[in-house]
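A.B. asks: need a structure here:
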Amino acid sequence: MRVFVTGGTGFVGRYVVRYLMERGHKVVLGVRSPEKARALFGDKAEVYSVDFSDKASLREVLSLSKIEAVVHLIGILFENKRRGLTFEKVHYLYSLNLYQTMKELGIERAVHMSALGTHDEAPSRYHQTKRWAEKHLMESGIRYTIFRPSLILGPEQKLFYDMDSITRVIPIVALPGGGNYRFQPVDVRDVAQCFVASLEKPETENSIYELCGTKQVSFRELLQDIFSRWNRRVLMVPLPKFLMYYMGKVVELFVQPPPFSSDQILMMWKDNVCGILGDAQSDGVQKVLEKEPVPYEESLSWALEEYKKIISS
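C.D. replies: Modelled structure (predicted):
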């Protein structure tokens, strides 16, 4: 199958691309930086520079490369309004342009990256714009699979870089709401394999899956596990969410990307664990891959070991 992948050079994308290749699919990448894509994948993938805000640019690439399915992974954790990168533009407008162009060209299959916590009632702009994209895809007539992962564990996880760089200098971390907000971390390899497997399983079409790992952990417990593996003593200071929301507003003015944002505090409206919202299938890894997720402890150990190799190379 000829598969067009957006966000293929990102954290999850590079795993998706490799698994697609291993399964014998032909990968076509739409990217901002062809140089980065070629450095990662060499000549194993077709690479095109695409402006996702321009439907003509998308139409040219999708029609010329004879695409059969699309894996859409593009997303941002923080807005950078100076560069024109807003949640509305990246999550919604890019998706709107892509799926409208697919519809015009008769491309009928899409696998879409959303996020756990995405819901009509979500207060954060991140989740709101993710939901707009979901709804447009669901109403487009395109056969879709939507995945909503919890926190994804892998060596490229930005949380590792932020916590490592901050606590090397100042061994203090603020915990919003006391750090009791819960995640159900999922291994990046499980997430990527779900995207690839869904293309080969018609039974996953027109479905939304939540992707979670084997264990629920609070933010405090997750950080404790990370620092313990680094043999690093760090003071964790509980702070009210409302205070950290306004701190995020200030940090965003001076640091890009910020270590945390005001919108990320709003994202903590519900625990980031499967089965809470009830509008998606909560055991996505088990249903799509027909196996149990990689255990939390194994996943975290692997991710941190590989992270160590990356920063020391």
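A.B. asks: all helices of the stretch 201-313 of the chain, in order?
C.D. replies: 219-229, 241-254, 262-266, 284-289, 296-312 (DSSP state H, counting those that start in this stretch).
A.B. asks: could I get the ones you listed as JSON lines with distance to residue 189?
C.D. replies: Where you see a C-beta, it was placed from the backbone N, CA and C, and this is true even at glycine. Putting those into JSON lines (distance: least, C-beta to C-beta, whole Å) gives the following:
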{"stretch": "helix 219-229", "distance to residue 189": "19"}
{"stretch": "helix 241-254", "distance to residue 189": "31"}
{"stretch": "helix 262-266", "distance to residue 189": "25"}
{"stretch": "helix 284-289", "distance to residue 189": "10"}
{"stretch": "helix 296-312", "distance to residue 189": "8"}
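A.B. asks: Nearest to residue 129, out of these?
C.D. replies: helix 262-266 (10.3 Å; C-beta to C-beta).
A.B. asks: Go ahead and name everything in contact with the closest one.
C.D. replies: Under the contact criterion C-beta atoms under 8 Å, 6 or more residues apart in numbering, helix 262-266 has outside partners 77-79, 87, 123-126, 176, 241, 244-246, 248-249, 252.
A.B. asks: Provide a ChimeraX selection command restricted to the buried entries of those residues.
C.D. replies: To isolate in ChimeraX the members of those that are buried, counting by 16 or more other C-beta atoms under 10 Å, one can use:
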select :78,79,87,124,125,126,176,244,245,248,252
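A.B. asks: closest to residue 55 among the contacts of helix 262-266?
C.D. replies: Sorting those by distance to residue 55 puts residue 87 at the head of the list, at 19.9 Å, by C-beta to C-beta.
A.B. asks: Pretty sure residue 129 is one of the things the closest one touches, is it not?
C.D. replies: Yes: in this structure, residue 87 sits in contact with residue 129. The criterion is C-beta atoms under 8 Å, and the distance is 4.2 Å.
A.B. asks: show me the contacts for residue 23.
C.D. replies: For residue 23, the residues meeting the contact criterion (C-beta under 8 Å, 6+ apart) are 196, 200.
A.B. asks: how does it look with 6 Å?
C.D. replies: Under the criterion of C-beta atoms under 6 Å, 6 or more residues apart in numbering, the contact list for residue 23 reads residue 196.
A.B. asks: do the same with residue 176
C.D. replies: Residue 176 is in contact with 241, 244, 265, counting by C-beta under 6 Å, 6+ apart.
A.B. asks: got those residues as TSV, with pLDDT columns?
C.D. replies: Formatted as TSV, these follow (pLDDT from 0 to 100):
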residue	pLDDT
241	95
244	96
265	95
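A.B. asks: Tabulate these (CSV), appending distance to residue 279.
C.D. replies: Formatted as CSV, the entries for the contacts of residue 176 read as follows, by distance: C-beta to C-beta, whole Å:
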residue, distance to residue 279
241, 25
244, 28
265, 23
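A.B. asks: Of those, which is the nearest to residue 51?
C.D. replies: Nearest to residue 51, judged by C-beta to C-beta, of the contacts of residue 176 is residue 265 at 32.1 Å.
A.B. asks: Not counting sequence-adjacent ones, nearest residue to the closest one?
C.D. replies: Spatial nearest neighbour of residue 265, excluding adjacent residues (C-beta to C-beta, 6 or more residues apart in numbering): residue 245 at 4.4 Å.
A.B. asks: quick one on the thing from earlier: of all the helices of the stretch 201-313 of the chain, which lies closest to residue 147?
C.D. replies: helix 284-289 (6.5 Å).
A.B. asks: what ranges do the helices span in the stretch 1-150 of the chain?
C.D. replies: For the stretch 1-150 of the chain, the helices identified by DSSP H, counting those that start in this stretch occupy 13-22, 34-41, 55-64, 87, 94-105, 125-139, in order along the chain.
A.B. asks: Quick one: closest of these to residue 155.
C.D. replies: helix 13-22 (10.5 Å).
A.B. asks: Helix 34-41 and the closest one, what's the angle between them?
C.D. replies: Relative orientation of helix 13-22 with respect to helix 34-41: 60 degrees, computed using axes from the mean of the first three to the mean of the last three C-alpha atoms, to 10 degrees.
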